[in-house]
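Visitor: I'd like to go over a predicted model; first the sequence, then the structure.
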Amino acid sequence: MAMMKDVNEIYNSFNQSFPTYSLNTNYLNLYSQAIQFVANQPKDYLQFDHYSFIRNFINPLFAINQQLLINYKVYSKSFVDYSLNKQATSIFSKGLYNGQNSKGIFLRVNDEKVLAEIDKLGKLLFYDPILSGNNERSCASCHKPTQFFTDTVSTTSLQYNFNGFLERNTPTLLNATYNHLIMLDGKHINLQNQTKGVITSAKEMGANEAEVLQKVLSCNEYKTAFTELLKQTPTEKEITTEHLVSAITFYYSKFSKYNSPFDDAMNLQTNASENVQQGFNTFMGKAECATCHFAPQFNGVKPPYVGSEFEVIGVPKDLKYTSISEDNGRYKINPATETLNAFRTGTIRNAANTKPYMHNGVFNTMEQVIDFYNTGGGAGNGLHVNNQTLSADSLHLTANEKTNLIAFINSLNEQIPFEKAPNKLPKSNNKALNKRKIGGTY
């Protein structure tokens, strides 16, 4: 309250000093109403109505502020500010900030017909096991489009050539484009490198770039299309794996552009149910979820939206909490005391459809996840986690608060129009390759 009043004084002083660039009456009136709203809230912060405050005041104020930036042609000297999209009129816009370049090498392409061709090629490649060493695995083998681009059946997916199971649960590709570091350990800085990393991983697709490119270009449909697309990448004199992976990332990233019912409510198009509102208030307050999961993506990218956060929460190896997970997480990429067992904070959007949960898939229900946090993570459950960033204290959530939390999380299920798999794959001049199955065999 004190801060808001002080800011109001700054606003008034600014308007007097710089009338040419003044904040308009609508902004000042709405800000005054926001101050009054806060003044009328209960003194107990855990009872604060975050839903109404953000929906009715903060988000509309943001929209006015964005328009003023455009009207007054305000430009920042800080490169940090360029992640935020000045054209976005809502905090809950999918265009609020730029996380990843999903177009990759096709960054400068804006022609809709050309983009449609790139999307078509990306879809074919996503389902094509020609990208694997044994021509039996595709991107869709683990990132199943019908399962929200993850694997909801297996705790972790099979390794290449049935060599056991992978160490980590398959993360959804939905909203991956809104991360600044890719993979749960932040190994990659862009989606295209991540795709190449999977293709060349001995445990995942077991291929190498040169062989993959050769096999893909043995298919006339691929070769003709990518040859035509070379016009769009004038610095490249020949087709490279960068063209292939850029088509793939462009294809799957388009499914991250859709809103959820909660977005619609925050954008004043609808109103959320009482359970959802109370769940969001618990999320922002008593449950402390919002200290790591930031709007609008409810992932680890917080304002000014330039980096992905990693947290140590003490994920157990099993449901009996016999030990902490053996996966060192971020430590493998950036060894430090603070990064041991740290993982990138993922989004909770579509969480109702992307089980199992945590990097090792140890939890199979949202109730188990909430109980884990409610009891203080790994340390709160008796595990030795010296660097845990999550409080080990109990949150003391009631049964009703847990139910409302799940109602809120379910309201973040996005309304995504998934597509059917391709009817057929491009034929190769190598007849042996024409035996490959759409989506792979495992």
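Guide: Cool, the structure landed.

Visitor: can we go C-alpha only for contacts and neighbour counts from here?
Guide: OK.

Visitor: residues contacting the residue nearest to residue 135 when sequence neighbours are not counted?
Guide: Nearest non-adjacent residue to residue 135, counting by CA to CA, 6 or more residues apart in numbering: residue 129, 4.7 Å away. Each residue near residue 129 by CA atoms under 8 Å, 6 or more residues apart in numbering is listed here: 135, 136, 137, 138, 139, 436, 437, 438, 439, 440.

Visitor: from those residues, which two are the most distant?
Guide: 139 and 436 (13.8 Å; CA to CA).

Visitor: what do those two both touch?
Guide: Both residue 139 and residue 436 are in contact with 128, 129, where contact means CA under 8 Å, 6+ apart.

Visitor: Could you count how many residues lie near residue 56?
Guide: 18 (other CA atoms under 10 Å).

Visitor: quick one, domains of this structure?
Guide: Split into domains by automatic domain parsing, the chain comes to 2-83, 104-257+419-435, 261-410.

Visitor: And the contacts of residue 129, which is closest to residue 65?
Guide: Distances from residue 65 to the contacts of residue 129, taken by CA to CA, are shortest for residue 139, at 41.8 Å.

Visitor: OK, contacts around that closest one?
Guide: 126, 127, 128, 129, 439.

Visitor: Next, the buried residues of stretch 73-90.
Guide: Neighbour-count burial for stretch 73-90, counted by 16 or more other CA atoms under 10 Å, picks out 81, 82, 83, 84, 86, 88, 89, 90.

Visitor: show me what contacts the nearest residue to the fourth one once chain neighbours are set aside?
Guide: Of all residues not flanking residue 84 in the chain, residue 97 sits nearest, at 4.3 Å (CA to CA, 6+ apart). With contacts defined as CA under 8 Å, 6+ apart, residue 97 is in contact with 83, 84, 85, 178, 305.

Visitor: How about residue 155?
Guide: Counting by CA under 8 Å, 6+ apart, residue 155 has contacts 169, 356, 360, 361, 362.

Visitor: Nearest to residue 41, out of the contacts of residue 129: which one, please.
Guide: Nearest to residue 41 among the contacts of residue 129: residue 139, at 49.9 Å, using CA to CA.

Visitor: Quick check: the closest one vs residue 132, distance?
Guide: 9 Å (CA to CA, to the nearest Å).

Visitor: about what we covered before: so can I have a markdown table of the domains of the chain showing mean pLDDT?
Guide: Shown next, in a markdown table, are the domains of the chain (pLDDT from 0 to 100):
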| stretch | mean pLDDT |
| --- | --- |
| domain 2-83 | 95 |
| domain 104-257+419-435 | 97 |
| domain 261-410 | 97 |
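
Visitor: what's the neighbour count on residue 36?
Guide: If we define neighbours as other CA under 10 Å, then residue 36 has 12 of them.

Visitor: Next: the one 4 residues further on.
Guide: Burial of residue 40 is recorded as 10 neighbouring residues (other CA under 10 Å).

Visitor: Ok, the one 10 residues further on next?
Guide: Using other CA under 10 Å, residue 50 has 21 neighbouring residues.

Visitor: List the residues that contact it.
Guide: 280, 281, 284.

Visitor: dump the residue contacts of residue 419.
Guide: By CA under 8 Å, 6+ apart, the contact set of residue 419 is residue 145.

Visitor: Same check on residue 13?
Guide: Residue 13 neighbours (CA under 8 Å, 6+ apart): none.

Visitor: and what of residue 117?
Guide: Applying CA under 8 Å, 6+ apart, the residues contacting residue 117 are residue 225.

Visitor: Quick check: the gap between it and residue 248.
Guide: As judged by CA to CA, residue 117 and residue 248 stand 12 Å apart.

Visitor: just residue 59 next, same as before
Guide: Distance check for residue 59 against residue 248: by CA to CA, it reads 34 Å.

Visitor: Next: residue 382.
Guide: Distance, residue 382 to residue 248, using CA to CA: 43 Å.

Visitor: Check residue 436 too.
Guide: Counting by CA to CA, the gap from residue 436 to residue 248 is 19 Å.

Visitor: Which of those two has more residues huddled nearby?
Guide: residue 248 (28 against 18).

Visitor: quick check, the more buried one in a helix?
Guide: Yes - the assignment for residue 248 is a helix, going by DSSP: H, G, I helix; E, B strand; the rest coil.

Visitor: which one is residue 382 nearest to, not counting chain neighbours?
Guide: Using CA to CA, 6+ apart, the closest residue to residue 382 is residue 321 (7.8 Å).
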